[in-house]
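Trainee: Quick one, fold the following:
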Amino acid sequence: MPRRPGGGEPPRDSIEAGLRDLARDPGPDVRRLSRGDTAGLQAIMSAARTPSGWPREARATAVLTVIQELIQQLTNPRWRAAALAALRLPADQYIGPDYDSLAGRWRTLAEREGALSDSDIRRLAEAYRGYWSTAANHLADTVERRFEELNDSSDAWGRYRVGLPPSPPDPLAISFDRTDVLYRFQGYRGLQSISYRWLIAHAPVDHYEPVGWYYNDPNAPVEIVPLANCTLAGPLRDLPQGGRTGTLKFAHTLDGGERYFFAYMIVFNSQQPCRPTVLYDVRGQEMRSLTVRAQFDPKAMPYRCWYFDMGAQSDGSDVPPEGAPELLGVAPNGYVEHNFEHCLRGRKYGLRWLWNEPT
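Mentor: Numbering: from 1, shown residues only. From the prediction side, this is the model:
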């Protein structure tokens, strides 16, 4: 890829230009990267020969994950800090509209460094703008070399694929009589899922361990928030495949045959758009009834939505034809739901949809 020899702007079709495009405005957007919306983003995706059989957004997510890893390896602390802020990392430090511009992120870095007056904040923010310019130039070389290494191995890209939510072992002797989960969206971004659960204990049990995971961003700093009839015991734990788990303690130890209701929320805390899929993993011995609901933003409505069962069908990636029974109607206010009956342990049930491209 062409690289600028000195000052000035990089060639529009270079990896460096792509890195700068990733950082513009709100920061990295997997959808824009996957489409190659600019010549620079196209250059990044062309240089990374991710497996052609992967979905487009899975390829872009893998590319972005590699870039994030390489930013952490920058040895100059100012370059690293500027690059992390440019790509809005760590995600939990840049949540909200105040960070939807590079200028806002530079000001935040200046304030964190101790700048108090407006003039000092402006001076340090401008310095970080320069650090990012230099970091992007050095990072582009590193990214290109790393892509070449991954491209030379038949399976090296596999470790970066965003697959399905992790399913840690669940030895608890419980069944779920009913589970009701609602996913909420703002634009193309998932905000949270809210789960209401009715279980039956088959032996003494005093807790449950939910998994929090966000499509398109498995490293998102998700939170697990107890809502009713449970409390969070101890800190959340990172899972090797991405996502987090925690321990929700019940009000008392349940006896065999006892029924119990509890509720919790998972807050996704990610700026990335959601992949157009939500899945619910059946844990416990069985689940008599599962209702999966989604409340889409009326400003970002799917134009086609369907349900699927990963045990009985495919992963839901095939778009059903017109008139297929699995197609669902989305209400004018953005609401859709589907009920699954007699769900089996280890199976994943969910919704997929197609969104119009954001404008």
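Trainee: quick one: buried residues of stretch 23-37?
Mentor: Within stretch 23-37, the residues that count as buried by 16 or more other C-beta atoms under 10 Å are 23, 26, 27, 28, 29, 30, 31, 32, 33, 34, 35, 36. In this view, the C-beta of every residue, glycine as well, is placed from N, C-alpha and C.
Trainee: same question, stretch 109-116
Mentor: Buried residues in stretch 109-116 (16+ other C-beta under 10 Å): 109, 110, 115.
Trainee: repeat for stretch 201-214
Mentor: For stretch 201-214, by 16+ other C-beta under 10 Å, it's 201, 202, 205, 207, 208, 209, 210, 211, 212, 213, 214.
Trainee: what residues are up against the fifth one?
Mentor: Residue 208 sits next to 172, 174, 197, 199, 230, 247, 248, 250, 262 when contact means C-beta atoms under 8 Å, 6 or more residues apart in numbering.
Trainee: Secondary structure, neighbour count and pLDDT for those - can I get that in TSV?
Mentor: As requested, those are exported to TSV (DSSP: H, G, I helix; E, B strand; the rest coil; neighbours: other C-beta atoms under 10 Å; pLDDT from 0 to 100):
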residue	secondary structure	neighbour count	pLDDT
172	coil	18	76
174	strand	20	91
197	strand	25	97
199	strand	23	95
230	strand	21	98
247	strand	18	94
248	strand	22	96
250	strand	18	97
262	strand	22	98
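Trainee: mind listing the helices for this structure?
Mentor: Under the criterion DSSP state H, helices of the chain are mapped to 15-23, 30-35, 39-47, 56-72, 77-86, 102-112, 118-151.
Trainee: Tabulate these in TSV, adding columns for mean pLDDT.
Mentor: TSV is the format used below for those (pLDDT from 0 to 100):
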stretch	mean pLDDT
helix 15-23	94
helix 30-35	81
helix 39-47	95
helix 56-72	84
helix 77-86	92
helix 102-112	88
helix 118-151	92
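Trainee: still on that earlier bit, among the buried residues of stretch 201-214, which one lies nearest to residue 47?
Mentor: Of all the buried residues of stretch 201-214, residue 47 sits closest to residue 214, with 26.7 Å by C-beta to C-beta.
Trainee: Surely the closest one is in contact with residue 268?
Mentor: Yes. Between residue 214 and residue 268 there is a contact at 4.3 Å, judged by C-beta atoms under 8 Å.
Trainee: Overlap in contacts, the two.
Mentor: Contact criterion C-beta under 8 Å, 6+ apart; residues shared by residue 214 and residue 268: 190, 220, 222.
Trainee: residues contacting the residue lying closest to the first one once chain neighbours are set aside?
Mentor: Going back to what we said before, that points to residue 190. Using C-beta to C-beta, 6 or more residues apart in numbering and skipping the chain neighbours, the partner closest in space to residue 190 is residue 274 (3.9 Å). Listed by C-beta under 8 Å, 6+ apart, the contact partners of residue 274 are 185, 188, 189, 190, 214, 215, 216.
Trainee: Next, the contact list for the residue nearest to the second one when sequence neighbours are not counted, please.
Mentor: Yep, that's residue 188 we're talking about. The shortest distance from residue 188 to any non-neighbouring residue, by C-beta to C-beta, 6+ apart, is to residue 273 (3.8 Å). By C-beta under 8 Å, 6+ apart, residue 273 lies in contact with 29, 30, 31, 187, 188, 189, 216, 358.
Trainee: Please determine how far residue 273 is located from residue 350.
Mentor: Going from residue 273 to residue 350 by C-beta to C-beta, to the nearest Å gives 17 Å.
Trainee: Equivalent analysis for residue 235, please.
Mentor: Residue 235 is 28 Å from residue 350, by C-beta to C-beta.
Trainee: same question, residue 150
Mentor: 30 Å.
Trainee: higher neighbour count, the two?
Mentor: Taking neighbours as other C-beta atoms under 10 Å, residue 150 and residue 350 compare with residue 350 leading, 25 against 20.
Trainee: Just to check, the more buried one is in contact with residue 277?
Mentor: Yes. In this structure residue 350 lies within contact range of residue 277 using C-beta under 8 Å: 6.3 Å.
Trainee: show me the contacts for the residue nearest to residue 126 when sequence neighbours are not counted.
Mentor: Nearest residue to residue 126 in three dimensions, chain neighbours excluded: residue 106, at 7.6 Å (C-beta to C-beta, 6+ apart). Neighbouring residues of residue 106 by C-beta under 8 Å, 6+ apart: 82, 85, 124, 125, 126, 128, 129.
Trainee: Great, nothing more from me.
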